[in-house]
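> Mind looking at a prediction? Sequence and model below.
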Amino acid sequence: MRRMSGAEIEEQIKVTPQSSKKLNQDDFLHRIILKIILPIIILIIIWQMISTLARISLADVIESFIRLALVGDSEGNLLSTHILASLFRVVLGFSLAIATAVPIGIIIGRYRLANSVFGPVIEAMRPIPPIAWIPLSLLLFSGNPIAARAFIIWIGAFFPILINTTTGVKRTEPVHVDVAKTLGASERQILGKIVIPSAGPEIFAGLRIGFGIGWMCLVAAEMIGGQGVGGLGYLVWIMQQVGDTGAVISSMFLIGLIGFLFTFLFLQIEKQLLKWRQSVSV
């Protein structure tokens with residue numbers, strides 16, 4: 001069997017501008033199909049299943065959404081009021097989770113003594129469902145509903161961020177740390193230049209997961225929280241009490257949309273801060 005020369009191989013793999021343009025067009029078409037057309041089709045199918053079970057049309061849901069936005073719910077509160085209330089709580093609780101989980105995760109992942117002391121404590125508390133903390137938080141912060149719901153969000157987001165941060169730190173290549181020590185780097189420099197950048201992808205993955213869990217916990221806490229708490233979870237609850245199925249469904253879709261937008265925001269921040277890693281998409 002005759003071996004092909006370098007020129008023949010180059011000729012075989014040569015791509016003309018026309019073929020390259022066609023490949024780009026095909027790739028763009030595939031992206032449109034996978035990221036826009038197929039998700040829309042799936043949403044339509046899901047909507048059809050929901051409408052069949054709930055016996056409600058899309059027009060009714062849209063009408064309920066407009067009424068919530070312009071007129072308000074059964075208590076006279078506008079949709080924007082509920083959105084702002086939920087966003088304030090989730091940002092507060094999630095910020096606290098980042099401020100506590102990331103440093104603790106770095107310490108546990110980096111130092112064996114900290115891992116030996118705090119590791120068992122974390123593993124003992126982590127299996128407790130965040131929703132199980134709701135009654136306790138209402139008792140602990142009975143006079144401060146904002147703190148009670150921020151605490152629930154903190155519980156929900158804390159452990160995913162902590163576990164991912166710890167895992168990312170532990171996966172740092174030891175040879176990189178050894179080289180830095182050989183060159184005279186201090187512990188602070190090792191953490192800032194090697195350990196934290198190496199754990200960056202896992203930390204951001206933990207942020208996305210933590211926010212999703214915190215957001216779900218907030219909605220649940222607002223449903224259980226009683227009168228006058230506001231928020232999207234509370235909105236779903238009171239609309240269910242008055243039998244407005246369209247408002248319930250539109251509020252649920254809005255909760256999902258906000259969660260998706262935050263996930264997309266985290267991915268964009270991750271792409272900007274961690275340009276060296278392979279990009280992740282929603």
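Nice, I can see it.

> who's in contact with residue 212?
The contact partners of residue 212, by CB atoms under 8 Å, 6 or more residues apart in numbering, come to 259, 263. No exception for glycine: its C-beta is placed from N, CA and C like everyone else's.

> Going along the chain, name the strands of the stretch 151-282 of the chain.
For the stretch 151-282 of the chain, strands defined by DSSP state E, counting those that start in this stretch do not occur.

> how is this structure carved up into domains?
Annotated domains of the chain cover 6-54, 58-273 [automatic domain parsing].

> Now do the last one: distance to the chain's middle.
Put plainly, it is domain 58-273. Its chain's average C-alpha position is 7 Å from that of domain 58-273, according to CA atoms, centre = their mean, to the nearest Å.

> got the end-to-end distance for it?
Start-to-end span of domain 58-273 (CA to CA, to the nearest Å) is 41 Å.

> roughly how far apart are residue 116 and residue 125?
Using CB to CB, to the nearest Å, we find residue 116 at a distance of 16 Å from residue 125.

> Report pLDDT for the residue nearest to residue 130 when sequence neighbours are not counted.
Using CB to CB, 6 or more residues apart in numbering and skipping the chain neighbours, the partner closest in space to residue 130 is residue 156 (3.9 Å). For residue 156, the model assigns a pLDDT of 91.

> Pull the number of nearby residues for residue 156.
28 (other CB atoms under 10 Å).

> measure it to residue 264 for me?
In terms of CB to CB, residue 156 sits 20 Å off from residue 264.

> what do you get for residue 46?
Taken as CB to CB, the span from residue 46 to residue 264 is 20 Å.

> Neighbour count: the two, which is higher?
residue 264 (13 against 10).

> For the more buried one, report the pLDDT, please.
Looking at residue 264, its pLDDT is 87.

> Residue 198 now?
At residue 198, pLDDT is 87.

> Then residue 195?
88.

> Thought residue 177 was touching it, still the case?
Yes: here residue 195 reaches residue 177: they are 7.4 Å apart, a contact under CB atoms under 8 Å.

> These two: which is more packed in?
residue 195 (22 against 18).

> Can you give me the distance of that one to residue 124?
According to CB to CB, residue 195 and residue 124 sit 26 Å apart.

> ditto for residue 113
As for residue 113, its distance to residue 124 is 18 Å (criterion: CB to CB).
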